[in-house]
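Trainee: Build me a structure from this.
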Amino acid sequence: MSIFGEYEFSAEGGSKKMLTSRNGKKGYVNFAKGSKWMGEIGNQFVDGYVKVGHDDPFTFPIGNHGIYAPLSISGADASTAAYFHDPAIDINGIRSNLDSGVSGLIPAGYWDLSGAAAVKLTISYSDVHKTDRIANEDISQLVIVGLQNGTWKIIPSSYDEVALNVSYSDQIFKGSSSTVKQGSLTTDEAIIPNKYDYFTIASLDNVLFAGDVQLSVFPNPSIAGRELVIDYELPSTDSGVIRIYNSNNELITTRNVNDQSGKLRLNDMKLNEGSYIMTLTDALQNSANKKLIIVNN
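Mentor: Numbers count the residues shown, from 1 in each chain. The predicted structure is shown next:
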């Protein structure tokens, strides 16, 4: 079925949904070039596959089992998407693995996105996904992961300070701020959806805070060769040492900091894909630790 022009989902329409086939030969609700949708969509959405027929940014009005869980892309003709409100760790009876640095997946929910063109991907989440539980109430631990060769792999991504507005087909970031329970995540760079089987939301095992020293690094996960920005605070002294260790506990580099707080930019790091431990120790031997994840583009 194709939709031309504007289509409005109405809250007054009850809980009726468009259904498409998910198995065998898939069925699609196709939004043709020039078409848009809008509306109070909580109880109405496409329970199945949606296809977009233009290159503009587009939010897919998809859901499953009564759960509305839209996905949005920066724009790619012929892209398709569907949402499955089932456990992502065991899809079609096949148990998947977790990449190094991933501590857990949301209890239920994964997205099937197909497309040959590189796009930035945005996934919207709500309290039904229980993201606060897997992230220990820390939104910075949430990350998009993609299933590749049986393993959920980290895709560098960040939460949107202003969440995706899920009532329009246009990709609009306006309104509510993202929280650990409800909001949206967007990939840091464009990805090719066809390189992954499915997508979901996971938590990072990268917070190892100790003492009064504060340490954070962005982006994290980061793409190999990309500049890292370290944000630090030393409440008791004005000097300290940052050290980065690989997974074998081998020291990779050290950097001195000579201010009580600030930002340190590292643009000369040649870190291979994998996990690293970054430590910051002040002159009084107070310290903080952060796990750093590096992935290939």
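Trainee: use CA for all of it now, contacts and neighbours both
Mentor: Noted.
Trainee: List the residues that contact Gln175.
Mentor: No Gln there; residue 175 is Gly. Shown in contact with Gly175 (C-alpha atoms under 8 Å, 6 or more residues apart in numbering): Val162, Ala163, Asn165.
Trainee: do that again at 10 Å, thanks
Mentor: Residues in contact with Gly175 (C-alpha atoms under 10 Å, 6 or more residues apart in numbering) are Val162, Ala163, Leu164, Asn165.
Trainee: Most widely separated two among these?
Mentor: Val162 and Asn165 (8.8 Å; C-alpha to C-alpha).
Trainee: Tell me the residues that contact both of those two, please.
Mentor: With C-alpha under 10 Å, 6+ apart, Val162 and Asn165 have common neighbours Ile172, Phe173, Lys174, Gly175, Ser176, Gly183, Ser184.
Trainee: By pLDDT, rank those residues and give me the bottom one.
Mentor: Across the shared contacts of Val162 and Asn165, the smallest pLDDT goes to Gly175, namely 81.
Trainee: Can you classify Arg133 by secondary structure?
Mentor: Secondary structure, DSSP: H, G, I helix; E, B strand; the rest coil: Arg133 is helix.
Trainee: which residues touch Tyr7?
Mentor: Listed by C-alpha under 10 Å, 6+ apart, the contact set of Tyr7 reads Phe31, Ser35, Lys36, Trp37, Met38, Gly39, Ser169.
Trainee: run the last query once more with 8 Å
Mentor: By C-alpha under 8 Å, 6+ apart, Tyr7 lies in contact with Ser35, Lys36, Trp37, Met38.
Trainee: Top of these by number of neighbours, please.
Mentor: Neighbour counts for those, by other C-alpha atoms under 10 Å, peak at Trp37, which reaches 21 neighbours.
Trainee: Would you mind naming the residues that bridge with that one?
Mentor: Tyr7 (DSSP bridges).
Trainee: before we move on, the earlier item: looking at Val162 and Asn165, which is more packed in?
Mentor: Shown here are Val162 and Asn165; by other C-alpha under 10 Å, Asn165 has more neighbours (19 against 16).
Trainee: Check the gap between the more buried one and Leu204 for me.
Mentor: Computed as C-alpha to C-alpha, to the nearest Å, the Asn165 to Leu204 distance reads 25 Å.
Trainee: and what of Pro235?
Mentor: 27 Å.
Trainee: what about stretch 221-237, average pLDDT?
Mentor: Stretch 221-237 comes out at a mean pLDDT of 88.
Trainee: One more: stretch 199-214?
Mentor: Rounded mean pLDDT across stretch 199-214 is 71.
Trainee: Which one's more surrounded, Pro235 and Leu204?
Mentor: Shown here are Pro235 and Leu204; by other C-alpha under 10 Å, Leu204 has more neighbours (24 against 13).
Trainee: Can you classify the most centrally placed residue in the chain by secondary structure?
Mentor: Among the residues of the chain, the one closest to the centroid is Ile144, at 2.8 Å (C-alpha atoms, centre = their mean). Here Ile144 is strand, with the state taken from three-state DSSP.
Trainee: How many residues are close by the residue nearest to it when sequence neighbours are not counted?
Mentor: Leaving out its chain neighbours, the residue that sits closest to Ile144 by C-alpha to C-alpha, 6 or more residues apart in numbering is Ile201, at 4.8 Å. Ile201: 27 surrounding residues under other C-alpha under 10 Å.
Trainee: looking at it, Ile201 is touching Ile106, isn't it?
Mentor: Yes: counting by C-alpha atoms under 8 Å, Ile201 does reach Ile106; the two are 6.0 Å apart.
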